[in-house]
Each structure stands twice: as structure tokens, then as C-alpha cells.
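Q: here are the coordinates; sequence isn't available:
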């Protein structure tokens, strides 16, 4: 009868202790690994805050609250809270233009899809490390660019490019 040889149980803590503990290199490497994912999370969740239609708006020629879904009100100009402003208020994306907010989110998702498909070509052309840094840099750059947008079209294009970087980063 053969006896089973028990293999020693190896734990990650033992390996880290053998190589000198969780030192400077491990901390830097962990930060460099996690940081792009934090940026991607902020980019993908920003439409929840920037595209909300729950910002209170008031009619300038009346003193009544405007429901963003109440179309047909004879309101020439709407105003709202400057602190809680969103792209809905900034570019008057209500009533017949309300679909633009959803289209911008769709642009971001299309960018993520294309980024996931085409980032392998970037990695094949420039190498994995250079391609990863290039795509991550683009994700960060185009993740900041929507805050500087002056129109819904510029905002949608920058969201698409940020989505492209996110798709390649994931």
C-alpha cells in the first residue's frame, strides 16, 4: 500500500516573509495596479452625477419649480442651483432634448466596447506595457476632458474616448 505524501502548505504570508515582507516595491506595484481601476470607476460612475435630471430648476419669468418632465410650460429661461448643476441644466437637456443624456451614456459604452476590442492591436503594435500605459494615460486625459466641454457634442466625444480607454484598461 502506497502512502500519500503530504505536500507542505504554502501560504502567501510565508512567501512574502521569505522575500522580505510587504516592502516598498510591493506597495508601489499595488498602487500602480489599483490606481487605473479607481480612475475607471470614477469615469464610469460620473454620468450618475453629471447627467442627473434631479437638479431643482426654476423658471426665471415665474417663481415656480419646473419638473424636468413637464414639457409645454411657457418658460423662456430656467435657472437652478449653481452648486448642484448638471449637464441637463447647463445645456437645457429637457423635454425634446432629454434623449441626449442617454445618448451620451451610450457613446461611453460604445467606446468601452471598441476599446476592449481594439486595445489588443495597440498592445501588439507597441508592446503590452507601453500599450497599457498609453491607454491608461488616454483614459485619464479623456476622463478629465468632459469637465471642460462646452457643448453636448464635445462632451459625448470625450466620454466616448474615455470609454475607449476604460475598455482597453479592463
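A: Received the coordinates, thanks. The model shown is predicted, which means the values in this text are computed figures rather than measured ones.
Q: Domain map for the chain?
A: 54-97, 98-170 (automatic domain parsing).
Q: Looking at the ones you listed, which is nearest to residue 46?
A: Of all the domains of the chain, it is domain 98-170 that lies closest to residue 46, at 7.4 Å by Cβ to Cβ. For every residue, glycine as well, the C-beta is placed using N, CA and C.
Q: Span of that closest one from start to end?
A: From its first residue to its last, domain 98-170 covers 30 Å (Cα to Cα, to the nearest Å).
Q: avg pLDDT for it?
A: The pLDDT scores in domain 98-170 average 89.
Q: quick one: contacts for the most centrally placed residue in the chain?
A: For the chain, the residue nearest the mean C-alpha position is residue 43 (1.6 Å; Cα atoms, centre = their mean). Residues in contact with residue 43 (Cβ atoms under 8 Å, 6 or more residues apart in numbering) are 139, 143, 162-163, 166.
Q: Quick check: helices, which of the residues you listed are part of them?
A: Judged by DSSP state H, those include 139, 143, 162-163, 166 as members of helices.
Q: closest one to residue 12 among the domains of the chain?
A: When the domains of the chain are compared by Cβ to Cβ, domain 98-170 sits nearest residue 12, at 24.6 Å.
Q: from the ones in helices among the contacts of residue 43, which two are the most distant?
A: By the measure Cβ to Cβ, 143 and 163 form the most distant pair in these, at 9.6 Å.
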